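Colleague: Let's see this in three dimensions:
(4 chains)
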2 protein chains.
Amino acid sequence: MTKRKRPAAPRKRRTAEEARTAILDAAERRLVEAGPSGIRLQEVAADVGVSHPTVLHHFGSREALVDAVLERVQQSIYAPILEELRTSSLEEDAMARLLDRVFEAVEQRGHARVLFWLTLQGAKLPDEREPLRHVVEIAHEIRRQKRAQEGRSSRPPSLEDTRFAVVLATLAMTAKSVLGRHLFENVGLGGDDTVQQRFRAWVAKLLVKHLESS
Amino acid sequence: MTKRKRPAAPRKRRTAEEARTAILDAAERRLVEAGPSGIRLQEVAADVGVSHPTVLHHFGSREALVDAVLERVQQSIYAPILEELRTSSLEEDAMARLLDRVFEAVEQRGHARVLFWLTLQGAKLPDEREPLRHVVEIAHEIRRQKRAQEGRSSRPPSLEDTRFAVVLATLAMTAKSVLGRHLFENVGLGGDDTVQQRFRAWVAKLLVKHLESS
DNA sequence: CGAGCTATCGACAGCATTGTCAGTAGCACT
DNA sequence: AGTGCTACTGACAATGCTGTCGATAGCTCG
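Modeller: Sure, this is the predicted structure:
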(Lines give C-alpha, C1' and ligand atoms only; values in the text may rest on other atoms or scores of the structure.)
Protein backbone atom coordinates (compact mmCIF):
# COMPACT_ATOMS: atom_id res chain seq x y z
CA MET A 1 0.00 0.00 0.00
CA THR A 2 2.93 2.32 -0.42
CA LYS A 3 1.87 3.68 -3.76
CA ARG A 4 0.89 7.19 -3.18
CA LYS A 5 -0.03 8.84 -6.39
CA ARG A 6 -0.07 6.14 -9.03
CA PRO A 7 3.20 6.52 -11.02
CA ALA A 8 1.04 7.06 -14.08
CA ALA A 9 2.78 4.85 -16.64
CA PRO A 10 4.39 6.88 -19.41
CA ARG A 11 2.06 7.50 -22.30
CA LYS A 12 2.73 6.28 -25.78
CA ARG A 13 1.68 8.72 -28.40
CA ARG A 14 0.99 7.32 -31.87
CA THR A 15 -0.08 9.11 -34.98
CA ALA A 16 -3.82 9.11 -35.41
CA GLU A 17 -3.42 6.73 -38.32
CA GLU A 18 -1.32 4.21 -36.38
CA ALA A 19 -3.70 4.31 -33.47
CA ARG A 20 -6.71 3.75 -35.70
CA THR A 21 -5.28 0.69 -37.41
CA ALA A 22 -4.00 -0.76 -34.14
CA ILE A 23 -7.48 -0.39 -32.71
CA LEU A 24 -9.10 -1.81 -35.82
CA ASP A 25 -6.79 -4.83 -35.67
CA ALA A 26 -7.73 -5.54 -32.10
CA ALA A 27 -11.42 -5.02 -32.77
CA GLU A 28 -11.26 -7.33 -35.77
CA ARG A 29 -9.78 -10.10 -33.65
CA ARG A 30 -12.65 -9.76 -31.20
CA LEU A 31 -15.12 -9.62 -34.04
CA VAL A 32 -13.91 -12.86 -35.58
CA GLU A 33 -14.00 -14.63 -32.25
CA ALA A 34 -17.17 -13.37 -30.71
CA GLY A 35 -19.10 -11.46 -33.32
CA PRO A 36 -20.13 -7.82 -33.43
CA SER A 37 -21.82 -7.97 -30.06
CA GLY A 38 -18.57 -9.25 -28.60
CA ILE A 39 -16.70 -6.04 -29.24
CA ARG A 40 -16.23 -4.23 -25.91
CA LEU A 41 -14.57 -0.87 -25.85
CA GLN A 42 -12.69 -1.68 -22.67
CA GLU A 43 -11.36 -4.95 -23.98
CA VAL A 44 -10.34 -3.58 -27.34
CA ALA A 45 -8.65 -0.68 -25.60
CA ALA A 46 -6.85 -3.03 -23.24
CA ASP A 47 -5.62 -5.14 -26.16
CA VAL A 48 -4.06 -2.10 -27.74
CA GLY A 49 -2.78 -0.78 -24.45
CA VAL A 50 -4.82 2.38 -24.21
CA SER A 51 -7.81 3.50 -22.19
CA HIS A 52 -11.26 3.19 -23.62
CA PRO A 53 -11.92 6.92 -24.05
CA THR A 54 -9.04 6.89 -26.49
CA VAL A 55 -10.95 4.48 -28.68
CA LEU A 56 -13.95 6.76 -28.53
CA HIS A 57 -11.72 9.68 -29.35
CA HIS A 58 -10.66 8.02 -32.60
CA PHE A 59 -13.96 6.57 -33.69
CA GLY A 60 -16.61 8.66 -32.05
CA SER A 61 -18.79 5.84 -30.87
CA ARG A 62 -18.81 2.12 -30.47
CA GLU A 63 -21.12 1.74 -33.43
CA ALA A 64 -18.82 3.75 -35.67
CA LEU A 65 -15.94 1.49 -34.65
CA VAL A 66 -17.90 -1.63 -35.50
CA ASP A 67 -18.88 -0.18 -38.86
CA ALA A 68 -15.27 0.66 -39.62
CA VAL A 69 -14.14 -2.87 -38.82
CA LEU A 70 -16.86 -4.41 -40.97
CA GLU A 71 -16.02 -2.11 -43.82
CA ARG A 72 -12.36 -3.12 -43.68
CA VAL A 73 -13.16 -6.82 -43.53
CA GLN A 74 -15.43 -6.55 -46.54
CA GLN A 75 -12.69 -4.83 -48.49
CA SER A 76 -10.25 -7.57 -47.67
CA ILE A 77 -12.67 -10.26 -48.76
CA TYR A 78 -13.70 -8.73 -52.05
CA ALA A 79 -10.47 -7.14 -53.19
CA PRO A 80 -8.59 -10.36 -54.09
CA ILE A 81 -11.60 -11.80 -55.90
CA LEU A 82 -12.04 -8.70 -57.99
CA GLU A 83 -8.31 -8.69 -58.69
CA GLU A 84 -8.39 -12.28 -59.93
CA LEU A 85 -11.38 -11.52 -62.10
CA ARG A 86 -9.66 -8.56 -63.68
CA THR A 87 -6.52 -10.50 -64.61
CA SER A 88 -8.15 -13.82 -65.37
CA SER A 89 -7.38 -15.39 -68.71
CA LEU A 90 -9.16 -18.36 -70.16
CA GLU A 91 -6.29 -20.82 -70.01
CA GLU A 92 -6.41 -24.51 -69.22
CA ASP A 93 -7.12 -24.72 -65.47
CA ALA A 94 -9.06 -21.49 -65.44
CA MET A 95 -12.04 -22.99 -63.67
CA ALA A 96 -10.01 -24.62 -60.96
CA ARG A 97 -8.03 -21.45 -60.35
CA LEU A 98 -11.17 -19.38 -60.18
CA LEU A 99 -12.69 -21.65 -57.59
CA ASP A 100 -9.47 -21.63 -55.62
CA ARG A 101 -9.39 -17.88 -55.52
CA VAL A 102 -12.94 -17.67 -54.24
CA PHE A 103 -12.18 -20.28 -51.62
CA GLU A 104 -9.13 -18.46 -50.39
CA ALA A 105 -10.73 -15.05 -50.31
CA VAL A 106 -13.53 -16.37 -48.22
CA GLU A 107 -11.51 -18.51 -45.84
CA GLN A 108 -8.67 -16.07 -45.34
CA ARG A 109 -8.36 -15.26 -41.67
CA GLY A 110 -11.67 -15.71 -39.93
CA HIS A 111 -13.47 -13.72 -42.55
CA ALA A 112 -16.06 -16.31 -43.41
CA ARG A 113 -17.05 -16.16 -39.78
CA VAL A 114 -17.65 -12.48 -40.15
CA LEU A 115 -19.86 -13.10 -43.14
CA PHE A 116 -22.00 -15.33 -40.99
CA TRP A 117 -22.08 -12.96 -38.07
CA LEU A 118 -23.27 -10.29 -40.41
CA THR A 119 -26.05 -12.13 -42.14
CA LEU A 120 -27.11 -13.81 -38.93
CA GLN A 121 -27.61 -10.43 -37.36
CA GLY A 122 -29.53 -9.26 -40.38
CA ALA A 123 -26.83 -6.78 -41.28
CA LYS A 124 -27.30 -4.52 -44.19
CA LEU A 125 -24.18 -5.47 -46.18
CA PRO A 126 -23.72 -1.76 -46.88
CA ASP A 127 -21.86 -1.83 -50.15
CA GLU A 128 -23.40 -3.70 -53.01
CA ARG A 129 -20.38 -4.64 -54.99
CA GLU A 130 -21.30 -8.15 -55.95
CA PRO A 131 -18.25 -9.98 -57.14
CA LEU A 132 -20.15 -13.23 -57.30
CA ARG A 133 -22.12 -12.07 -60.29
CA HIS A 134 -18.84 -11.57 -62.12
CA VAL A 135 -17.58 -14.95 -60.99
CA VAL A 136 -20.63 -16.50 -62.56
CA GLU A 137 -20.03 -14.65 -65.80
CA ILE A 138 -16.42 -15.70 -66.05
CA ALA A 139 -17.17 -19.28 -65.10
CA HIS A 140 -19.88 -19.45 -67.71
CA GLU A 141 -17.60 -18.02 -70.35
CA ILE A 142 -15.04 -20.70 -69.51
CA ARG A 143 -17.65 -23.41 -69.93
CA ARG A 144 -18.69 -22.05 -73.28
CA GLN A 145 -15.13 -21.91 -74.57
CA LYS A 146 -14.42 -25.42 -73.38
CA ARG A 147 -17.50 -26.72 -75.09
CA ALA A 148 -16.63 -24.95 -78.33
CA GLN A 149 -13.13 -26.44 -78.27
CA GLU A 150 -14.46 -29.93 -77.99
CA GLY A 151 -16.51 -29.65 -81.11
CA ARG A 152 -19.93 -30.86 -80.05
CA SER A 153 -21.23 -27.35 -80.13
CA SER A 154 -24.86 -28.31 -80.19
CA ARG A 155 -26.07 -27.68 -76.64
CA PRO A 156 -24.99 -24.49 -74.94
CA PRO A 157 -24.31 -24.96 -71.22
CA SER A 158 -27.15 -24.15 -68.83
CA LEU A 159 -26.69 -20.84 -67.05
CA GLU A 160 -28.56 -22.02 -64.01
CA ASP A 161 -26.08 -24.85 -63.72
CA THR A 162 -23.24 -22.39 -63.54
CA ARG A 163 -25.02 -20.25 -61.02
CA PHE A 164 -25.88 -23.17 -58.79
CA ALA A 165 -22.30 -24.37 -58.92
CA VAL A 166 -20.96 -21.01 -57.81
CA VAL A 167 -23.51 -20.84 -55.04
CA LEU A 168 -22.68 -24.33 -53.89
CA ALA A 169 -18.97 -23.60 -53.85
CA THR A 170 -19.47 -20.44 -51.85
CA LEU A 171 -21.85 -22.03 -49.38
CA ALA A 172 -19.62 -25.02 -48.86
CA MET A 173 -16.46 -23.08 -48.24
CA THR A 174 -17.88 -20.39 -46.02
CA ALA A 175 -19.66 -22.99 -43.96
CA LYS A 176 -16.57 -25.16 -43.85
CA SER A 177 -14.47 -22.51 -42.25
CA VAL A 178 -17.02 -22.17 -39.50
CA LEU A 179 -18.21 -25.68 -38.80
CA GLY A 180 -15.60 -27.62 -40.70
CA ARG A 181 -13.67 -29.01 -37.81
CA HIS A 182 -16.76 -30.13 -35.91
CA LEU A 183 -18.32 -31.76 -38.94
CA PHE A 184 -15.22 -33.63 -39.98
CA GLU A 185 -14.90 -35.07 -36.54
CA ASN A 186 -18.56 -35.98 -36.52
CA VAL A 187 -18.32 -38.09 -39.65
CA GLY A 188 -15.22 -39.85 -38.41
CA LEU A 189 -12.52 -37.85 -40.14
CA GLY A 190 -9.76 -36.43 -38.00
CA GLY A 191 -10.00 -32.67 -38.18
CA ASP A 192 -6.41 -32.17 -39.31
CA ASP A 193 -5.52 -29.70 -42.01
CA THR A 194 -4.80 -32.23 -44.74
CA VAL A 195 -8.40 -33.38 -44.54
CA GLN A 196 -9.63 -29.84 -45.03
CA GLN A 197 -7.42 -29.45 -48.07
CA ARG A 198 -8.40 -32.78 -49.52
CA PHE A 199 -12.02 -31.83 -49.07
CA ARG A 200 -11.54 -28.56 -50.83
CA ALA A 201 -9.84 -30.30 -53.75
CA TRP A 202 -12.59 -32.90 -53.81
CA VAL A 203 -15.29 -30.28 -54.06
CA ALA A 204 -13.44 -28.40 -56.78
CA LYS A 205 -13.01 -31.59 -58.79
CA LEU A 206 -16.63 -32.55 -58.35
CA LEU A 207 -17.81 -29.18 -59.59
CA VAL A 208 -15.40 -28.97 -62.48
CA LYS A 209 -16.35 -32.44 -63.58
CA HIS A 210 -20.00 -31.61 -63.50
CA LEU A 211 -19.64 -28.29 -65.27
CA GLU A 212 -17.48 -29.65 -68.05
CA SER A 213 -19.48 -32.79 -68.69
CA SER A 214 -23.16 -32.12 -68.26
CA MET B 1 -52.53 11.50 -14.63
CA THR B 2 -55.64 10.29 -12.91
CA LYS B 3 -54.43 6.79 -12.28
CA ARG B 4 -53.92 6.52 -8.61
CA LYS B 5 -52.91 3.04 -7.67
CA ARG B 6 -52.22 1.22 -10.95
CA PRO B 7 -55.21 -1.10 -11.51
CA ALA B 8 -52.71 -3.99 -11.54
CA ALA B 9 -53.87 -5.99 -14.52
CA PRO B 10 -55.31 -9.38 -13.52
CA ARG B 11 -52.68 -12.08 -13.35
CA LYS B 12 -52.75 -15.15 -15.49
CA ARG B 13 -51.62 -18.24 -13.68
CA ARG B 14 -50.33 -21.11 -15.82
CA THR B 15 -49.06 -24.46 -14.74
CA ALA B 16 -45.30 -24.53 -14.35
CA GLU B 17 -45.08 -26.71 -17.42
CA GLU B 18 -47.12 -24.39 -19.61
CA ALA B 19 -45.18 -21.38 -18.43
CA ARG B 20 -41.88 -23.09 -19.13
CA THR B 21 -42.73 -24.02 -22.69
CA ALA B 22 -44.26 -20.63 -23.42
CA ILE B 23 -41.06 -19.01 -22.22
CA LEU B 24 -38.91 -21.45 -24.14
CA ASP B 25 -40.86 -20.70 -27.31
CA ALA B 26 -40.34 -16.99 -26.94
CA ALA B 27 -36.68 -17.42 -26.09
CA GLU B 28 -36.19 -19.67 -29.09
CA ARG B 29 -37.63 -17.04 -31.39
CA ARG B 30 -35.17 -14.50 -30.03
CA LEU B 31 -32.37 -17.02 -30.30
CA VAL B 32 -33.02 -17.71 -33.94
CA GLU B 33 -33.17 -14.05 -34.77
CA ALA B 34 -30.40 -12.58 -32.72
CA GLY B 35 -28.34 -15.40 -31.31
CA PRO B 36 -27.71 -16.41 -27.71
CA SER B 37 -26.45 -12.99 -26.74
CA GLY B 38 -29.70 -11.55 -28.05
CA ILE B 39 -31.81 -13.22 -25.41
CA ARG B 40 -32.93 -10.57 -22.91
CA LEU B 41 -34.94 -11.61 -19.90
CA GLN B 42 -37.10 -8.53 -20.11
CA GLU B 43 -37.91 -9.02 -23.77
CA VAL B 44 -38.62 -12.72 -23.47
CA ALA B 45 -40.83 -12.01 -20.49
CA ALA B 46 -42.67 -9.29 -22.37
CA ASP B 47 -43.25 -11.64 -25.33
CA VAL B 48 -44.90 -14.13 -23.03
CA GLY B 49 -46.75 -11.45 -21.13
CA VAL B 50 -45.12 -11.88 -17.74
CA SER B 51 -42.55 -9.97 -15.76
CA HIS B 52 -38.92 -10.93 -15.92
CA PRO B 53 -38.61 -12.27 -12.38
CA THR B 54 -41.15 -14.89 -13.44
CA VAL B 55 -38.71 -16.13 -16.04
CA LEU B 56 -36.00 -16.33 -13.43
CA HIS B 57 -38.38 -18.15 -11.14
CA HIS B 58 -38.82 -20.90 -13.71
CA PHE B 59 -35.27 -21.23 -14.92
CA GLY B 60 -33.11 -19.96 -12.12
CA SER B 61 -30.82 -17.85 -14.23
CA ARG B 62 -30.46 -16.45 -17.69
CA GLU B 63 -27.74 -18.95 -18.48
CA ALA B 64 -29.92 -21.86 -17.45
CA LEU B 65 -32.66 -20.56 -19.74
CA VAL B 66 -30.29 -20.33 -22.67
CA ASP B 67 -29.03 -23.85 -22.01
CA ALA B 68 -32.58 -25.14 -21.91
CA VAL B 69 -33.42 -23.54 -25.23
CA LEU B 70 -30.30 -24.89 -26.87
CA GLU B 71 -30.99 -28.34 -25.53
CA ARG B 72 -34.50 -28.28 -26.95
CA VAL B 73 -33.34 -27.06 -30.34
CA GLN B 74 -30.73 -29.79 -30.56
CA GLN B 75 -33.36 -32.38 -29.78
CA SER B 76 -35.59 -31.10 -32.51
CA ILE B 77 -32.77 -31.18 -35.04
CA TYR B 78 -31.48 -34.64 -34.27
CA ALA B 79 -34.67 -36.49 -33.46
CA PRO B 80 -36.07 -36.67 -36.99
CA ILE B 81 -32.72 -37.70 -38.46
CA LEU B 82 -32.32 -40.49 -35.96
CA GLU B 83 -35.88 -41.55 -36.59
CA GLU B 84 -35.30 -41.76 -40.33
CA LEU B 85 -32.12 -43.73 -39.76
CA ARG B 86 -33.88 -46.21 -37.56
CA THR B 87 -36.65 -46.94 -40.03
CA SER B 88 -34.61 -46.61 -43.19
CA SER B 89 -34.74 -49.47 -45.62
CA LEU B 90 -32.52 -49.88 -48.62
CA GLU B 91 -35.11 -49.40 -51.27
CA GLU B 92 -34.78 -47.60 -54.57
CA ASP B 93 -34.54 -43.90 -53.74
CA ALA B 94 -32.97 -44.52 -50.39
CA MET B 95 -30.10 -42.12 -50.97
CA ALA B 96 -32.30 -39.28 -52.13
CA ARG B 97 -34.67 -39.74 -49.22
CA LEU B 98 -31.80 -39.81 -46.76
CA LEU B 99 -30.43 -36.56 -48.11
CA ASP B 100 -33.85 -35.01 -48.02
CA ARG B 101 -34.34 -35.92 -44.42
CA VAL B 102 -31.02 -34.39 -43.42
CA PHE B 103 -31.87 -31.24 -45.35
CA GLU B 104 -35.22 -30.87 -43.69
CA ALA B 105 -33.99 -31.54 -40.21
CA VAL B 106 -31.37 -28.90 -40.56
CA GLU B 107 -33.46 -26.26 -42.27
CA GLN B 108 -36.59 -26.71 -40.21
CA ARG B 109 -37.47 -23.44 -38.55
CA GLY B 110 -34.39 -21.32 -38.09
CA HIS B 111 -32.47 -24.19 -36.61
CA ALA B 112 -29.52 -24.04 -38.95
CA ARG B 113 -29.02 -20.51 -37.76
CA VAL B 114 -28.78 -21.81 -34.23
CA LEU B 115 -26.13 -24.27 -35.29
CA PHE B 116 -24.08 -21.39 -36.61
CA TRP B 117 -24.64 -19.22 -33.58
CA LEU B 118 -23.43 -22.06 -31.45
CA THR B 119 -20.27 -22.94 -33.27
CA LEU B 120 -19.47 -19.30 -33.93
CA GLN B 121 -19.54 -18.66 -30.24
CA GLY B 122 -17.36 -21.68 -29.62
CA ALA B 123 -20.15 -23.44 -27.80
CA LYS B 124 -19.57 -26.81 -26.33
CA LEU B 125 -22.27 -28.74 -28.18
CA PRO B 126 -23.06 -30.45 -24.85
CA ASP B 127 -24.39 -33.79 -25.96
CA GLU B 128 -22.29 -35.86 -28.27
CA ARG B 129 -24.93 -37.78 -30.11
CA GLU B 130 -23.50 -37.71 -33.59
CA PRO B 131 -26.17 -38.66 -36.06
CA LEU B 132 -23.95 -37.78 -38.96
CA ARG B 133 -21.73 -40.74 -38.36
CA HIS B 134 -24.78 -42.95 -38.77
CA VAL B 135 -25.81 -41.09 -41.89
CA VAL B 136 -22.43 -41.88 -43.36
CA GLU B 137 -22.78 -45.55 -42.49
CA ILE B 138 -26.20 -45.87 -44.06
CA ALA B 139 -25.21 -43.92 -47.13
CA HIS B 140 -22.18 -46.10 -47.60
CA GLU B 141 -24.22 -49.22 -47.21
CA ILE B 142 -26.58 -48.01 -49.90
CA ARG B 143 -23.69 -47.38 -52.22
CA ARG B 144 -22.35 -50.86 -51.64
CA GLN B 145 -25.70 -52.49 -52.33
CA LYS B 146 -26.21 -50.49 -55.47
CA ARG B 147 -22.82 -51.46 -56.74
CA ALA B 148 -23.42 -55.12 -55.97
CA GLN B 149 -26.72 -55.05 -57.85
CA GLU B 150 -25.08 -53.75 -60.95
CA GLY B 151 -22.70 -56.62 -61.17
CA ARG B 152 -19.32 -54.94 -61.61
CA SER B 153 -18.39 -55.80 -58.09
CA SER B 154 -14.69 -55.19 -58.56
CA ARG B 155 -14.05 -51.84 -56.89
CA PRO B 156 -15.67 -51.17 -53.53
CA PRO B 157 -16.77 -47.55 -53.16
CA SER B 158 -14.40 -45.18 -51.40
CA LEU B 159 -15.42 -44.40 -47.84
CA GLU B 160 -13.86 -40.98 -47.96
CA ASP B 161 -16.05 -40.20 -50.93
CA THR B 162 -19.13 -40.98 -48.90
CA ARG B 163 -17.92 -38.95 -45.97
CA PHE B 164 -17.10 -35.95 -48.08
CA ALA B 165 -20.48 -36.11 -49.75
CA VAL B 166 -22.29 -36.10 -46.43
CA VAL B 167 -20.16 -33.21 -45.22
CA LEU B 168 -20.78 -31.26 -48.38
CA ALA B 169 -24.51 -31.80 -48.17
CA THR B 170 -24.62 -30.68 -44.57
CA LEU B 171 -22.45 -27.64 -45.14
CA ALA B 172 -24.41 -26.58 -48.19
CA MET B 173 -27.81 -26.84 -46.59
CA THR B 174 -26.97 -25.27 -43.25
CA ALA B 175 -25.23 -22.41 -44.99
CA LYS B 176 -28.07 -22.05 -47.45
CA SER B 177 -30.63 -21.45 -44.80
CA VAL B 178 -28.51 -18.64 -43.42
CA LEU B 179 -27.08 -16.89 -46.44
CA GLY B 180 -29.19 -18.45 -49.12
CA ARG B 181 -31.35 -15.52 -49.97
CA HIS B 182 -28.45 -13.08 -50.17
CA LEU B 183 -26.33 -15.39 -52.27
CA PHE B 184 -29.04 -16.21 -54.76
CA GLU B 185 -29.68 -12.56 -55.30
CA ASN B 186 -25.98 -11.92 -55.67
CA VAL B 187 -25.58 -14.37 -58.52
CA GLY B 188 -28.62 -13.03 -60.30
CA LEU B 189 -31.27 -15.50 -59.20
CA GLY B 190 -34.39 -14.12 -57.68
CA GLY B 191 -34.56 -15.26 -54.07
CA ASP B 192 -37.97 -16.85 -54.37
CA ASP B 193 -38.76 -20.18 -52.83
CA THR B 194 -38.83 -22.19 -56.02
CA VAL B 195 -35.19 -21.33 -56.59
CA GLN B 196 -34.29 -22.62 -53.18
CA GLN B 197 -36.10 -25.86 -53.87
CA ARG B 198 -34.58 -26.27 -57.29
CA PHE B 199 -31.16 -25.72 -55.79
CA ARG B 200 -31.74 -28.34 -53.16
CA ALA B 201 -32.84 -30.82 -55.79
CA TRP B 202 -29.86 -29.92 -57.94
CA VAL B 203 -27.44 -30.59 -55.11
CA ALA B 204 -29.09 -33.88 -54.26
CA LYS B 205 -28.92 -34.99 -57.87
CA LEU B 206 -25.31 -33.96 -58.21
CA LEU B 207 -24.32 -35.92 -55.15
CA VAL B 208 -26.34 -39.00 -55.98
CA LYS B 209 -24.89 -39.02 -59.47
CA HIS B 210 -21.39 -38.80 -58.16
CA LEU B 211 -21.86 -41.40 -55.48
CA GLU B 212 -23.46 -43.93 -57.78
CA SER B 213 -21.09 -43.50 -60.67
CA SER B 214 -17.58 -42.93 -59.40
C1' DC C 1 -65.37 -21.27 2.95
C1' DG C 2 -60.53 -21.46 4.74
C1' DA C 3 -55.73 -22.87 4.15
C1' DG C 4 -51.67 -23.93 1.75
C1' DC C 5 -48.95 -23.94 -2.25
C1' DT C 6 -46.58 -21.41 -5.64
C1' DA C 7 -46.81 -18.67 -10.00
C1' DT C 8 -46.42 -13.98 -10.36
C1' DC C 9 -45.34 -9.19 -9.38
C1' DG C 10 -43.06 -4.38 -8.15
C1' DA C 11 -39.15 -2.38 -6.35
C1' DC C 12 -34.52 -2.27 -5.69
C1' DA C 13 -29.47 -3.74 -5.54
C1' DG C 14 -25.30 -4.70 -8.24
C1' DC C 15 -22.67 -4.82 -12.19
C1' DA C 16 -21.06 -3.95 -16.83
C1' DT C 17 -20.77 -0.94 -20.63
C1' DT C 18 -21.05 3.24 -23.31
C1' DG C 19 -20.30 7.95 -23.41
C1' DT C 20 -18.80 12.84 -21.45
C1' DC C 21 -15.56 16.11 -19.65
C1' DA C 22 -11.90 18.64 -18.01
C1' DG C 23 -7.32 18.18 -17.69
C1' DT C 24 -2.49 16.07 -18.86
C1' DA C 25 1.44 15.08 -21.62
C1' DG C 26 3.93 13.79 -25.85
C1' DC C 27 5.70 15.85 -30.06
C1' DA C 28 6.69 19.31 -33.76
C1' DC C 29 7.90 23.75 -34.82
C1' DT C 30 9.66 28.38 -33.84
C1' DA D 1 12.92 27.08 -23.96
C1' DG D 2 8.32 28.11 -25.19
C1' DT D 3 4.02 27.33 -27.63
C1' DG D 4 0.29 24.98 -29.97
C1' DC D 5 -1.91 20.92 -31.34
C1' DT D 6 -4.07 16.78 -30.09
C1' DA D 7 -3.51 11.90 -28.52
C1' DC D 8 -4.42 10.35 -24.31
C1' DT D 9 -6.18 9.78 -19.44
C1' DG D 10 -9.02 9.26 -14.90
C1' DA D 11 -13.26 10.14 -12.87
C1' DC D 12 -17.95 10.31 -13.29
C1' DA D 13 -22.77 10.22 -15.35
C1' DA D 14 -26.27 7.50 -17.62
C1' DT D 15 -28.27 3.48 -19.16
C1' DG D 16 -29.51 -1.38 -19.44
C1' DC D 17 -29.57 -5.97 -17.85
C1' DT D 18 -29.38 -9.77 -14.40
C1' DG D 19 -30.66 -11.27 -10.13
C1' DT D 20 -32.86 -10.79 -5.16
C1' DC D 21 -36.65 -10.08 -1.92
C1' DG D 22 -40.83 -9.61 0.24
C1' DA D 23 -45.50 -9.40 -0.85
C1' DT D 24 -49.65 -10.70 -3.61
C1' DA D 25 -53.03 -13.41 -5.82
C1' DG D 26 -54.75 -17.48 -8.44
C1' DC D 27 -55.78 -22.41 -7.88
C1' DT D 28 -56.68 -26.83 -5.48
C1' DC D 29 -58.00 -29.50 -1.77
C1' DG D 30 -60.02 -30.21 2.75
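Colleague: Tell me which helix or strand comes right after the longest helix seen in chain A.
Modeller: Ranked by residue count under DSSP state H, the longest helix found in chain A is helix A:159-186. Going down the chain from helix A:159-186, the next helix or strand is helix A:193-213, by DSSP states H and E.
Colleague: quick one: contacts of that following helix?
Modeller: For helix A:193-213, the external contacting residues (Cβ atoms under 8 Å, 6 or more residues apart in numbering or on different chains) are A:95-96, A:99-100, A:103, A:139, A:143, A:146, A:157, A:161-162, A:165, A:168-169, A:172-173, A:176, A:180, A:184, A:189, B:160-161, B:164, B:167-168, B:206, B:210. To be clear about C-beta, it is placed using only N, CA and C from the backbone, and glycine gets the same treatment.
Colleague: Buried residues in it, which are they?
Modeller: Counting neighbours by 16 or more other Cβ atoms under 10 Å in any protein chain shown, one finds that the buried residues in helix A:193-213 are A:195, A:196, A:199, A:200, A:202, A:203, A:204, A:206, A:207, A:208, A:210, A:211.
Colleague: now for the helix or strand of chain A with the lowest mean pLDDT, which elements pack on it?
Modeller: Lowest by mean pLDDT, DSSP states H and E among the helices and strands of chain A is helix A:94-107, with a mean of 80. Packing partners of helix A:94-107 (3 or more Cβ pairs under 8 Å, 6 or more residues apart in numbering or on different chains; DSSP states H and E): helix A:62-87, helix A:111-120, helix A:131-149, helix A:159-186, helix A:193-213.
Colleague: quick one on the thing from earlier: for PyMOL, what selects the buried ones among the contacts of helix A:193-213?
Modeller: Command for PyMOL that selects the buried part of those, burial taken from 16+ other Cβ under 10 Å:
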select buried, (chain A and resi 95+99+103+139+143+146+157+161+162+165+168+169+172+173+176+180+184+189) or (chain B and resi 161+164+167+168+206+210)
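Colleague: how does chain A divide into domains?
Modeller: Each domain of chain A is listed here as a residue range: A:13-60, A:74-213, per automatic domain parsing.
Colleague: Pipe those into JSON lines and attach distance to DNA strand C per row.
Modeller: Converted to JSON lines, the domains of chain A look like this (distance: least, Cβ to the nearest atom of the strand, whole Å):
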{"stretch": "domain A:13-60", "distance to DNA strand C": "3"}
{"stretch": "domain A:74-213", "distance to DNA strand C": "15"}
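Colleague: If you average pLDDT over each of these, which is lowest?
Modeller: Mean pLDDT values for these show the minimum at domain A:74-213, a mean of 83.
Colleague: first to last residue in that one, what's the distance?
Modeller: 35 Å (Cα to Cα, to the nearest Å).
Colleague: Then stretch A:101-119?
Modeller: Distance between the boundary residues of stretch A:101-119 (Cα to Cα) amounts to 22 Å.
Colleague: how deep is residue A:19 tucked in, by neighbour count?
Modeller: Residue A:19 has 18 neighbours, counted by other Cβ atoms under 10 Å in any protein chain shown.
Colleague: shouldn't it be in contact with residue A:54?
Modeller: Yes: using Cβ atoms under 8 Å, residue A:19 is in contact with residue A:54, at 7.3 Å.
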